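Peer 1: Using only what follows, build the 3D model:
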Amino acid sequence: MSDTYNVDEIRKDFPILERQVHGKTLVYLDNAATTQKPRQVIDALVHYYERYNANIHRGLHTLAEEATAAYEGARLKAGRLINAPHPAEEVIFTRNTTESINLVSNAWGRKYLRPGDEIVFSAMEHHSNLIPWQFIAQATGATLRVIDIDDDGKLSWDDVEAKIGERTKIVAVSQMSNVLGTINPIRAIAEVAHRFGAVVLVDGAQSVPHMPVDVQELGCDFLAFSSHKMLGPTGVGVLWGKREILEAMDPYLGGGEMIKRVTYETSTYADLPNKFEAGTPNIADVIAFGAAIDYLEGLGMDAVRAHEIEITRYAIERLSALDGVKLYGPLDAAEKGGAVAFNYGELHPHDLSQVLDQHGIAIRAGHHCAQPLMRRLDAVATARASFYIYNRKDEVDALIEGIRASDRIFGNVARVGAG
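Peer 2: Modelled structure (predicted):
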């Protein structure tokens, strides 16, 4: 990790980290759900509303031109971040990763899927990359196939090659699991899929905020991710798609901005990206998302990833030293993102989360919108600590002490080791 990466200095940019929860300084370890926002992002949002609040693309006055320039500037920043070949055309703004995937499942799936075609996804998918494909399979007669995982929480490569075949039309897979933290071999999966003429959609909600992501290197056809998981506001998602595929797709929503010419009987559609951005978009939050990208690029995504490996490795070491802790997913921090899922003896994760909250520690407990994966893991639910750019090792220590406190409260649910 770079010597210039200073967590203590970074933390000064995040006002919420000074908050007290139940009399304790906040320890925020729920970053896979959403991340906190630096002052620079908050200021960008306020600045828009105070200085140049206007609708975009339509107006010829100064405020409209300034708002349009900032909005389209954020599009270019998002494209640059993932090395999109044609960012001005290929980057589509949506509300979130979920809507981005739904856009593809509807606008691409309804046009190209037929009865007997196969949609392939993995056993570790978030519901957002599962339910839209269930909907479209029911509508088109396509069938669903699932790539299994091994006991280490990694995709079974034998099953990848068994499930992707002549009938496969699309492979939809996360680059990084929101539960296990597993980083999947997207490029290799794309090579298999493309041999059979299938397209590949990558759920990058967990990967794009945490590591360098290059769509040209990955070889995928679509990539979806969200602003709020990478320091930006809620309500902004990104869909990147190859230009030639997006051009061949029909619009997902109809209305203003996505048209060229309208009569009472028919319409012609706007060029990319406007074809997929009907109506007034979330202008303010997109502009603030641009500030979030600036912040991350200022740190450097390689440095962000290095910090995450370091703190995740420390968390795995500390948790592994506790008697009664069961960890899920890869145990090598270099093979996973900063999400560490675990259970503690027979203590329900909801009870553990409530105890930790009393100590000012925020984690996530439940099925993490991945119920099929929970069944595959033979777990009703898990606790999940997830890390980001501003987390420190002393916060991991606080987590360990909070777990020990839960053991004292609940008695012999699990025993704490000497770690």
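Peer 1: Give me the buried positions along stretch 322-334.
Peer 2: By neighbour count with 16 or more other C-beta atoms under 10 Å, stretch 322-334 contains the buried residues 322, 324-325, 327-331, 333. (C-beta placed from N, C-alpha, C; glycine too.)
Peer 1: can you tell me which of these are in helices?
Peer 2: Within the buried residues of stretch 322-334, no residue falls in helices by DSSP state H.
Peer 1: And those residues, which is closest to residue 404?
Peer 2: Using C-beta to C-beta, residue 322 is the member of those that lies nearest residue 404, at 7.9 Å.
Peer 1: need the contact list for residue 141.
Peer 2: Neighbouring residues of residue 141 by C-beta atoms under 8 Å, 6 or more residues apart in numbering: 113-117.
Peer 1: So of these, which two are at opposite extremes in space?
Peer 2: Farthest-apart pair in the contacts of residue 141 is 113 and 116; separation 9.5 Å (C-beta to C-beta).
Peer 1: Identify the residues contacting the closest residue to residue 13 other than its chain neighbours.
Peer 2: In space, and not counting its chain neighbours, residue 13 is closest to residue 38: 4.0 Å by C-beta to C-beta, 6 or more residues apart in numbering. Counting by C-beta under 8 Å, 6+ apart, residue 38 touches 13-14, 231, 292, 295.
Peer 1: Make JSON lines from those and add secondary structure and neighbour count to it.
Peer 2: Output for those, formatted as JSON lines (DSSP: H, G, I helix; E, B strand; the rest coil; neighbours: other C-beta atoms under 10 Å):
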{"residue": "13", "secondary structure": "coil", "neighbour count": "18"}
{"residue": "14", "secondary structure": "coil", "neighbour count": "22"}
{"residue": "231", "secondary structure": "coil", "neighbour count": "29"}
{"residue": "292", "secondary structure": "helix", "neighbour count": "27"}
{"residue": "295", "secondary structure": "helix", "neighbour count": "21"}
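Peer 1: what comes up buried for stretch 70-88?
Peer 2: For stretch 70-88, the neighbour count (16+ other C-beta under 10 Å) marks 70-72, 74-75, 77-79, 81-82, 84, 87 as buried.
Peer 1: Oh, that last question was meant for stretch 356-364, not what I typed.
Peer 2: For stretch 356-364, a neighbour-count test (16+ other C-beta under 10 Å) marks 356-357, 359-364 as buried.
Peer 1: what do you get for stretch 194-209?
Peer 2: Counting neighbours by 16+ other C-beta under 10 Å, stretch 194-209 gives 194, 198-209 as buried.
Peer 1: hang on, the earlier thing: which ones among the buried residues of stretch 70-88 map onto helices?
Peer 2: Among the buried residues of stretch 70-88, the ones falling in helices (DSSP H) are 70-72, 74-75, 77-79, 81, 87.
Peer 1: could I get those as JSON lines with pLDDT and distance to residue 402?
Peer 2: JSON lines is the format used below for those (pLDDT from 0 to 100; distance: C-beta to C-beta, whole Å):
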{"residue": "70", "pLDDT": "98", "distance to residue 402": "42"}
{"residue": "71", "pLDDT": "98", "distance to residue 402": "42"}
{"residue": "72", "pLDDT": "98", "distance to residue 402": "45"}
{"residue": "74", "pLDDT": "98", "distance to residue 402": "38"}
{"residue": "75", "pLDDT": "98", "distance to residue 402": "42"}
{"residue": "77", "pLDDT": "98", "distance to residue 402": "38"}
{"residue": "78", "pLDDT": "98", "distance to residue 402": "37"}
{"residue": "79", "pLDDT": "98", "distance to residue 402": "41"}
{"residue": "81", "pLDDT": "98", "distance to residue 402": "35"}
{"residue": "87", "pLDDT": "98", "distance to residue 402": "43"}
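Peer 1: which one of those residues sits closest to residue 217?
Peer 2: Closest to residue 217, out of all of these and judged by C-beta to C-beta, is residue 81, at 13.3 Å.
Peer 1: so who does the closest one touch?
Peer 2: By C-beta under 8 Å, 6+ apart, the neighbours of residue 81 are 208, 213, 293, 296-297, 301.
Peer 1: before we move on, what about residue 296?
Peer 2: Going by C-beta under 8 Å, 6+ apart, residue 296 touches 81, 209, 230-231, 304, 389.
Peer 1: Count the residues that sit near residue 411.
Peer 2: 8 (other C-beta atoms under 10 Å).
Peer 1: Kindly provide the distance from it to residue 346.
Peer 2: Taking C-beta to C-beta, to the nearest Å as the measure, residue 411 falls 11 Å from residue 346.
Peer 1: List the neighbouring strands of the lowest-mean-pLDDT helix or strand in the chain plus their orientation.
Peer 2: None of the helices or strands of the chain scores lower by mean pLDDT, DSSP states H and E than strand 259-262, at a mean of 89. According to DSSP bridges, strand 259-262 forms sheet pairs with strand 267-269 (antiparallel).
Peer 1: Quick one: mean pLDDT for the strand it pairs with?
Peer 2: Confidence over strand 267-269 (mean pLDDT, whole number) is 91.
Peer 1: And for that strand, what's in contact with it?
Peer 2: 251, 254, 258-261, 275.
Peer 1: buried subset of those residues?
Peer 2: 251, 258-259, 275.
Peer 1: hang on, the earlier thing: show me the buried residues of stretch 194-209 that map onto helices.
Peer 2: Per DSSP H, helices hold the following members of the buried residues of stretch 194-209: residue 194.
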